Structures are given as C-alpha cells and as structure tokens.
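Asker: got a predicted structure plus its sequence, pasted below:
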Amino acid sequence: MHFIDEVKIFLKAGDGGPGCVGFRREKFIEYGGPNGGDGGKGGDIVLVCDSQLNTLIDFRYKQHFKAQSGENGKGQNRSGKSGDDEIIYVPIGTQVFAEDGCTLIYDMQEDAERYTIARGGDGGQGNARFKSSVNQAPRRSTPGYDGQELWVWLKLKLISDVGLIGMPNAGKSTFLSVCTSATPKIADYPFTTLKPQLGVARIGDFDEIVIADIPGLIEGASDGIGLGDKFLRHIERCKTLIHLVDISAADPIHNYYIVRKELEQYSEILSKKQEIIVLNKCDIIEDASHTVRSFQDAIKGSMVMVCSAATNFGVGSVLKEIHKMLKSTP
Ligand SMILES: Nc1nc2c(ncn2[C@@H]2O[C@H](COP(=O)(O)OP(=O)(O)OP(=O)(O)O)[C@@H](O)[C@H]2O)c(=O)[nH]1
Ligand SMILES: [Mg+2]
C-alpha cells in the first residue's frame, strides 16, 4: 500500500565567520605586520539515509534545522573554527522537493547515502590577506558569507508491513487506534471505515511497523457487495496480515471463512500471505479459551491469539508476534 507521507522543513546552513583585523605586537618588533586570520566556514546541512527509519513522523515535532556558524578569525594568523554540519536522518526512499512541491531536487535511495542540501557560507578573509607592497598595514577584512537557506518538501511513499482484515465491526479501526497514533473513525455499525488508513506502531525504541486498516469485507465482496474488495489492492504488498475476528459473534469460525473466501477470490498472492488470527472483543465473553481451541482445531497453520482492542488487552502480544513474523519474512 502506498501512502505519501510528506513534510515541509526549513533549512539554514551556517554563516561563515568574519575575517579578523589584527597586527603583530611583540617587544622589539616595530611595525609587526598584519596577522588577522580568516573566519571559519559555516556548517552544511546534510541529509543522510537511515535504513532504520520508516516514516517522516519525527519531523512533526521539528521542522527548522540550522547548522552552526563558523567562528571569527583571530590574531596571530589563526583561522576561525568551521561550524559543525547539521545531519538530518531520513528513511530510504525519501524524495526531496523544492518549495514549490514538484521540482525534484534529490532522491535518497541507499543506506548511509549523504546529500548536502544547503552549503555553509565561506569564512571572510582576515587582514593578513590584504597585505601588499603598497599597503603594508591593511585594516581591511571581509565578513563571512551567508549560509544557504531554503524550504524543502520531504516526501516518502509508505509501504505498509501489515494489513488488517476482517468483517465490518470486528474492531479493526479500534485495533489500529490503540497501537498507533492514528485516529480512525470507530463506531458500532458496519462500514464505518470507508477508505484505507495507515498507522505506525512503535516497537521498542527503534523499530516501527506500518499497519493498514481497510474497510470490512462481507460475503460477496468480490462481486461488489458491501464496499466490494477493491481496497484489497492496498494490502497486496503487505508482508503479513492480521485477521481480526469478533469472538462474540454467533459463529466466529464461519465469519473467518467468509473473509478467507473473499481473499482467495481476490488474488492468490493475498491468500497465501502469512496471517495471525486475532479473536477480538474477548472482554465481552466469559471464556475465550473454548473458542480459541475450536479455532486451532479448525484452522491449521495459522497462529490464533486473543485480544480486546477496546481495553488494550493482548494488543501488545499481537504486535510482538507480528514483529517477529516480519523479521523472519524476507
Ligand atoms: N467490547 C468491545 N468492543 C469493541 C472492541 N473492539 C472494538 N469494539 C467496538 O466494536 C465496534 C466496531 O469497531 P470498529 O473498530 O469501528 O470496527 P471495524 O472493524 O473498523 O469496522 P468497519 O470499519 O465498519 O469495518 C465499535 O463500537 C467498537 O467500540 C473490543 O475489544 N471490545
Ligand atoms: Mg473501521
């Protein structure tokens, strides 16, 4: 599933430090010559690809980036220190566009790839540079040059890792809302979700899983009943599926097979994807273990788990299992 994640950020490279006006002042040395050093160069702004990142979500909190300016030149012909570069880490596949949003500046494609997007200004010249045969004591220096500043768009096509499938009202959107910061519409009637929605679940400090919530499937979806099965194309490229089943329904196993049948009719690729069956709404029923066992007996080869998305019970364990599954899927 492709979703565009995009942010507009402001970049300001460091200004160059000004050159210095200075003269050699030592005992017994009259008319010591000019010795003002050059200013340091301003830091660049550098984009670096990081394969650990999946989204541009961090840019929600920080949109302005500024590199350090160069230091002033100093006496005794000492140059000012250059400013540090500002490094901005972006996920692989991030495209950098100019402020107009459509002129492509650069495409970040490989891990650890670097691209200098804004150059720091050069430092100014100290007065030692202006010494000549006719002017032995110049009082002239130049200021540093300004660092480049610009607005750019970063755009990323997201591909979800996990697709959430199930009948309407199974609790797919509720599940997405508790494990990610997405805020899908949730309501107690079928077809609340009308178009796909993505969320990003954080696993530990470093890993992220992109989950796609799509409208529910009912019997005959492949013939266009309900909202049809056209949304399934959005999860065709997911690595794995979470199949949510409402455990409180009259016949959960039958409901499971209805959705499976629609998947199989839609495409072989989709029907062969690894899935975890998650029996949701376990808070409503007395004893879930009986239903779990009958699922395990009826459906071989898929993992069966229990959760209550509404109370956030078991959701963490489902995420852990799906994370493990993703790690082992090439
Ligand atoms: N008791 C209980 N209710 C739940 C649970 N999860 C979801 N619900 C309720 O079930 C109803 C449907 O939830 P949604 O998340 O909208 O279901 P959905 O699968 O996204 O439905 P569609 O978008 O229509 O396909 C809502 O009223 C939720 O509050 C749960 O674990 N326990
Ligand atoms: Mg929904």
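Answerer: It's in. Ligands and ions are numbered 1, 2, ... in the order given.
Asker: would you indicate which residues of stretch 47-56 are buried?
Answerer: 47, 49-50, 53-56 (16 or more other C-beta atoms under 10 Å). To be clear about C-beta, it is placed using only N, CA and C from the backbone, and glycine gets the same treatment.
Asker: can you show me the strands along this protein?
Answerer: For the chain, strands defined by DSSP state E occupy the ranges 2-12, 45-49, 64-66, 86-90, 95-97, 104-107, 114-118, 149-159, 162-166, 197-203, 207-213, 240-246, 274-280, 303-306.
Asker: just the buried residues of the fourth one, please?
Answerer: Buried residues in strand 86-90, counting neighbours by 16+ other C-beta under 10 Å, are found at 86, 88, 90.
Asker: looking at those, spot the one nearest ligand 2.
Answerer: Proximity of those to ligand 2 (C-beta to the ion) peaks at residue 90, which lies at 31.1 Å.
Asker: measure the closest one to ligand 1 for me?
Answerer: Note on residue 90: its distance to ligand 1, by C-beta to the nearest ligand atom, to the nearest Å, is 32 Å.
Asker: what do you get for residue 223?
Answerer: Taking C-beta to the nearest ligand atom as the measure, residue 223 and ligand 1 are separated by 18 Å.
Asker: neighbours of that residue, how many?
Answerer: By the criterion of other C-beta atoms under 10 Å, residue 223 has 11 neighbours.
Asker: quick one: the helices in this protein, in order.
Answerer: Along the chain, counting by DSSP state H, helices occupy 172-179, 252-266, 268-271, 288-298, 315-328.
Asker: nearest to ligand 1, out of those helices?
Answerer: Nearest of the helices of the chain to ligand 1, taken as C-beta to the nearest ligand atom: helix 172-179 at 3.3 Å.
Asker: anything in the closest one near ligand 2?
Answerer: Yes - judged by C-beta under 5 Å from the ion, helix 172-179 and ligand 2 are in contact via 172-173.
Asker: which elements pack onto that helix?
Answerer: strand 162-166, strand 197-203, strand 207-213, strand 240-246, strand 274-280, helix 315-328 (3 or more C-beta pairs under 8 Å, 6 or more residues apart in numbering; DSSP states H and E).
Asker: what's the mean pLDDT across the first one?
Answerer: Here strand 162-166 scores 94 as its mean pLDDT.
Asker: residue 19 and residue 73 touch, don't they?
Answerer: Yes - the criterion here is C-beta atoms under 8 Å, and residue 19 meets it with residue 73 at 4.6 Å.
Asker: ok, those two, which is more surrounded?
Answerer: residue 73 (31 against 27).
Asker: check contacts around the residue sitting nearest the centre point of the chain.
Answerer: Nearest to the geometric centre of the chain sits residue 55, at 1.2 Å (C-alpha atoms, centre = their mean). When contacts are counted by C-beta atoms under 8 Å, 6 or more residues apart in numbering, residue 55 touches 5, 91, 156, 158, 200, 208, 210.
Asker: again, but for residue 278
Answerer: Contacts of residue 278 (C-beta under 8 Å, 6+ apart): 175, 242-245, 304-307, 318.
Asker: repeat for residue 238
Answerer: Shown in contact with residue 238 (C-beta under 8 Å, 6+ apart): 1, 159-163, 212, 273.
Asker: single out the most deeply packed of the helices of the chain.
Answerer: Neighbour counts (mean count of other C-beta atoms under 10 Å) averaged over each of these peak at helix 172-179, with a mean of 25.
Asker: who touches that helix?
Answerer: Applying C-beta under 8 Å, 6+ apart, the contact partners of helix 172-179 are 164-166, 182-186, 192-193, 197, 199, 201, 211, 213-214, 216, 242, 244, 278, 280, 307, 309-310, 312, 315-316, 319.
Asker: rewinding a little: any idea which of the buried residues of stretch 47-56 is closest to residue 78?
Answerer: Minimum distance to residue 78 across these is 32.2 Å, recorded for residue 47 (C-beta to C-beta).
Asker: surely that closest one and residue 115 touch.
Answerer: Yes - using C-beta under 8 Å, residue 47 makes contact with residue 115 at a distance of 4.8 Å.
Asker: shared neighbours of these two, which are they?
Answerer: Residues touching both residue 47 and residue 115 (C-beta under 8 Å, 6+ apart) are 96, 106, 108.
Asker: the second one against residue 90, yeah?
Answerer: No - here residue 106 lies out of contact with residue 90, judged by C-beta under 8 Å, at a distance of 10.4 Å.
Asker: got any residues that touch both of the two?
Answerer: By C-beta under 8 Å, 6+ apart, residue 106 and residue 90 have these common neighbours: residue 47.
Asker: and which of the buried residues of stretch 47-56 is nearest to residue 145?
Answerer: Using C-beta to C-beta, the buried residues of stretch 47-56 come closest to residue 145 at residue 47, 21.8 Å.
Asker: and the closest one, how far from residue 234?
Answerer: Distance, residue 47 to residue 234, by C-beta to C-beta, to the nearest Å: 29 Å.
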